[in-house]
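Undergrad: have a look at this prediction, sequence included:
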Amino acid sequence: MIFADPALTGDPSTSVTTEDGVHIFYKDWGPKSAQVIFFHHGWPLSSDDWESQMLFFVEKGYRVVAHDRRGHGRSSHVSDGHDMDHYADDAATVVEHLSLRNAIHVGHSTGGGEAARYVARYGEDRAAKLVLIGAVPPLMLKTDANPNGLPIAVFDSLRRQLAANRSQFYLDFAGGPFYGYNRPGAEVSQGVIWNWWRQAMTGSAKAHYDCIKAFSETDFSEDLKKIAVPTLVLHGDDDQIVPVADSAPLAAKLLKNSMLKIYERLPHGMCTTHADLVNAELLSFIAA
């Protein structure tokens, strides 16, 4: 007899349906009365990417929540809505469904953009603090107003590689720049690479393809200016995915109440490769 995974069969205890009919899978661990930490994952992953943080904080007595973005992981593989407005609305649906108040929102990479858009639009009476880690704001794409951004050719190349051979592209991405495994002397973990690949291949190719535009071309400048909650901005100076010079320092300047920390030689996937360091920084900021 084959037993289906409830997360893959729409179990209502682990998913919520948005106004436009999208099923959003989420995890909700820890005491319901505890301080909530809400995690927003990066492209093209899922809530599983936060396991090191979620296990750490649930053991500390916190309530931890994370969802799979639409088209990613175990959420609906819909054709449309792969933009930051829908992503923020989907996160808001989870927050409302779980009746969360004073949550601390933590976003990595694309999830940092999603978290910033969410807090700017919905966070006035729902969010207590914000954390952006290796995050895409203010704007990744090179434009006349953002001359130090990455040229559109970089993102066109991502799209071409994804469309040509998504499976191999994801293996190469995880085994190379994402975790800094292409650097001399790097300690490569095959388990980490395969776990990244597993998460990515669970999602929809269409959603991942469209999300490249969402994370690279969305300008979060006005979102950041609206955010008044205390915000911690963390970034590695060897981030090969979201270059630090055109992201974290600029975001910190636009935020009303920010703390910026840049780490030497840390890669984009620092939440995994340096989980102990990241967890300690998060705990210090959250508990303050």
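TA: Now that the structure is in, tell me what you want to look at. Worth saying up front: this structure is predicted, and the values here are computed from it rather than measured.
Undergrad: pLDDT weak spots in the stretch 51-200 of the chain?
TA: In the predicted model, the stretch 51-200 of the chain carries no residue with pLDDT under 70.
Undergrad: rerun that using 80 as the cut-off
TA: Of all residues in the stretch 51-200 of the chain, those with pLDDT under 80 make up the ranges 124.
Undergrad: which residues of it fall in helices?
TA: 51-59, 84-97, 110-122, 152-173, 190-202 (DSSP state H, counting those that start in this stretch).
Undergrad: of those, which approaches residue 15 most closely?
TA: With distances scored as Cβ to Cβ, the stretch of these nearest to residue 15 is helix 84-97 (9.3 Å). Glycine gets a C-beta too; all of them are placed from N, C-alpha and C.
Undergrad: send the alpha carbons of that closest one over as PDB?
TA: What follows is helix 84-97, C-alpha atoms only, in PDB (Å, rounded to 0.1, in the frame of the first residue of the first chain):
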ATOM      1  CA  MET A  84       6.200  40.300  -6.000                       C
ATOM      2  CA  ASP A  85       2.700  41.600  -5.400                       C
ATOM      3  CA  HIS A  86       1.300  38.100  -5.600                       C
ATOM      4  CA  TYR A  87       4.100  36.800  -3.500                       C
ATOM      5  CA  ALA A  88       3.400  39.400  -0.700                       C
ATOM      6  CA  ASP A  89      -0.300  38.700  -0.900                       C
ATOM      7  CA  ASP A  90       0.300  35.000  -0.600                       C
ATOM      8  CA  ALA A  91       2.400  35.600   2.500                       C
ATOM      9  CA  ALA A  92      -0.300  37.800   3.900                       C
ATOM     10  CA  THR A  93      -2.900  35.000   3.300                       C
ATOM     11  CA  VAL A  94      -0.800  32.600   5.500                       C
ATOM     12  CA  VAL A  95      -0.300  35.300   8.200                       C
ATOM     13  CA  GLU A  96      -4.100  36.000   8.300                       C
ATOM     14  CA  HIS A  97      -5.000  32.300   8.200                       C
END
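Undergrad: deepest-packed of the helices of the stretch 51-200 of the chain, please.
TA: Of the helices of the stretch 51-200 of the chain, the one with the most neighbours on average (mean count of other Cβ atoms under 10 Å) is helix 110-122, at a mean of 27.
Undergrad: angle of it against helix 84-97?
TA: Angle of helix 110-122 versus helix 84-97, following axes from the mean of the first three to the mean of the last three Cα atoms, to 10 degrees, is 70 degrees.
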